[in-house]
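K.L.:
predicted structure and sequence below. I'll ask about it afterward.
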Amino acid sequence: MPSLEGQIALVTGSSSGIGSAVAKCIAEAGAKLIVNYSRSSKGADAVVEEIKAKGGEAIALQADVSQEDQVQAMFAKIYEAYGTIDILVNNAGLQRDFNLVDMSLADWNKVIGVNLTGQFLCSREAVKEFLRRGVVPERSVAAGKIICMSSVHEVIPWAGHCNYAASKGGVSLLMKSMAQELAPQKIRINSIAPGAIQTPINKEAWETPEALESLLTLIPYKRIGVPEDIGKAAVWLASDDSDYVQGTTIFVDGGMTLYPGFESGG
Ligand code: BGC
């Protein structure tokens with residue numbers, strides 16, 4: 001595992017699911033962790049305790065990433081605790097699934113607010129600090145790294161999930177535009193697009209043998225992903241081992257984006 005020794009990392013929405021695995025993997029690589037949560041301090045505290053039990057350092061901080069004042073207050077607390085930030089993982093995300101005609105404006109705004117606006121607000125604060133501080137060669141050859149948690153649905157349309165797919169399509173060009181703008185300042189920005197990863201967000205898709213069997217027809221590699229699949233990719237993208245990787249999306253999806261229907265058809 002590449003080293004992230006001495007670096008400070010914020011993982012938004014890391015009290016459960018993919019975020020908690022990303023936080024734990026990054027902590028294992030030596031970074032000090034800020035475990036952000038919106039509602040469940042219990043989940044966040046458990047992740048902090050797990051990191052500490054393995055000899056790492058972590059604190060839990062509350063903020064709803066869709067709220068500008070809460071994001072700014074969280075970054076102020078990060079600087080009080082650790083002085084700076086080196087790695088931001090824009091992970092916080094949610095689903096509010098409805099067919100188009102049944103989708104309320106509130107359900108649309110909630111998903112866009114957390115999944116897309118939240119990534120903008122956190123990136124803006126982190127980039128301000130990366131630009132202020134610049135490169136610290138003992139820690140990394142880059143001035144800062146941002147990983148945007150996207151989804152296979154940044155490219156795969158998803159009936160019944162217009163708000164979610166639109167948010168992830170937005171993340172794709174937010175990430176690329178930020179990466180283009182900030183590359184000259186040695187700020188690296190990339191995305192991870194997970195496929196079906198076994199977490200609470202998609203429980204319905206794997207909780208019964210029938211659901212799992214149907215899900216596996218969409219995955220050429222024929223297994224559901226585990227959160228650590230994403231955690232390992234995040235450590236690499238945050239590390240100097242990926243220093244020449246800029247503005248790209250790494251699909252960690254067992255081949256879900258390979259048009260699985262064409263395994264036999266066409
Ligand atoms: C969604 C999951 C879904 C997966 C594959 C993810 O982005 O959050 O609910 O299972 O994409 O469709």
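P.N.:
Thanks, I have the structure now.

K.L.:
ok, the residue in the stretch 51-200 of the chain that the ligand sits nearest to to residue 18 distance?
P.N.:
Residue nearest to the ligand within the stretch 51-200 of the chain: residue 151 (3.1 Å; Cβ to the nearest ligand atom). In this view, the C-beta of every residue, glycine as well, is placed from N, C-alpha and C. Going from residue 151 to residue 18 by Cβ to Cβ, to the nearest Å gives 10 Å.

K.L.:
name the residues contacting each of these two.
P.N.:
residue 194 (Cβ atoms under 8 Å, 6 or more residues apart in numbering).

K.L.:
which non-adjacent residue is nearest the residue of the stretch 51-200 of the chain closest to the ligand?
P.N.:
Leaving aside its chain neighbours, residue 151 sits nearest to residue 168 (4.4 Å; criterion: Cβ to Cβ, 6 or more residues apart in numbering).

K.L.:
is the one you found within a helix or a strand, and which one?
P.N.:
If you go by DSSP states H and E, residue 168 is part of helix 162-182.

K.L.:
show me what from the stretch 101-250 of the chain comes close to the ligand.
P.N.:
Counting by Cβ under 6 Å from any ligand atom, the stretch 101-250 of the chain comes close to the ligand at 151, 152, 153, 195, 196, 201, 202, 205.

K.L.:
point out the least confident one among these.
P.N.:
Minimum pLDDT for these is recorded at residue 201 (92).

K.L.:
ok, that one - contacts?
P.N.:
17, 93, 94, 95.

K.L.:
contacts with the ligand among these, please.
P.N.:
residue 95.

K.L.:
which stretches of the protein form strands?
P.N.:
8-11, 32-37, 58-62, 87-90, 144-149, 187-194, 249-252 (DSSP state E).

K.L.:
how about CSV for these, with mean neighbour count and mean pLDDT added?
P.N.:
Listed next are the strands of the chain as CSV, based on neighbours: other Cβ atoms under 10 Å; pLDDT from 0 to 100:
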stretch, mean neighbour count, mean pLDDT
strand 8-11, 28, 99
strand 32-37, 27, 98
strand 58-62, 20, 98
strand 87-90, 29, 99
strand 144-149, 27, 99
strand 187-194, 25, 99
strand 249-252, 20, 98
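
K.L.:
same list, those strands, but as TSV with distance to residue 129 please.
P.N.:
Shown next, in TSV, are these (distance: least, Cβ to Cβ, whole Å):
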stretch	distance to residue 129
strand 8-11	10
strand 32-37	13
strand 58-62	15
strand 87-90	9
strand 144-149	7
strand 187-194	10
strand 249-252	24
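
K.L.:
closest to residue 221 out of these?
P.N.:
strand 249-252 (10.7 Å; Cβ to Cβ).

K.L.:
which residues sit against the closest one?
P.N.:
Applying Cβ under 8 Å, 6+ apart, the external contacts of strand 249-252 come out as 150, 152, 154, 172, 175, 190-195, 225, 229-230, 233, 237, 257.

K.L.:
just checking: what are the partner strands of it?
P.N.:
Paired with strand 249-252 in the same sheet, following DSSP bridges, are strand 187-194 (parallel).

K.L.:
the strand it pairs with versus helix 162-182: what angle between them?
P.N.:
Per axes from the mean of the first three to the mean of the last three Cα atoms, to 10 degrees, the angle that strand 187-194 makes with helix 162-182 is 150 degrees.

K.L.:
pretty sure residue 24 sits against residue 49.
P.N.:
No: between residue 24 and residue 49 there is no contact under Cβ atoms under 8 Å: 11.1 Å.

K.L.:
neighbour-wise, which of those two wins?
P.N.:
residue 24 (23 against 12; other Cβ atoms under 10 Å).

K.L.:
and the more buried one, how far is that from the ligand?
P.N.:
20 Å (Cβ to the nearest ligand atom, to the nearest Å).
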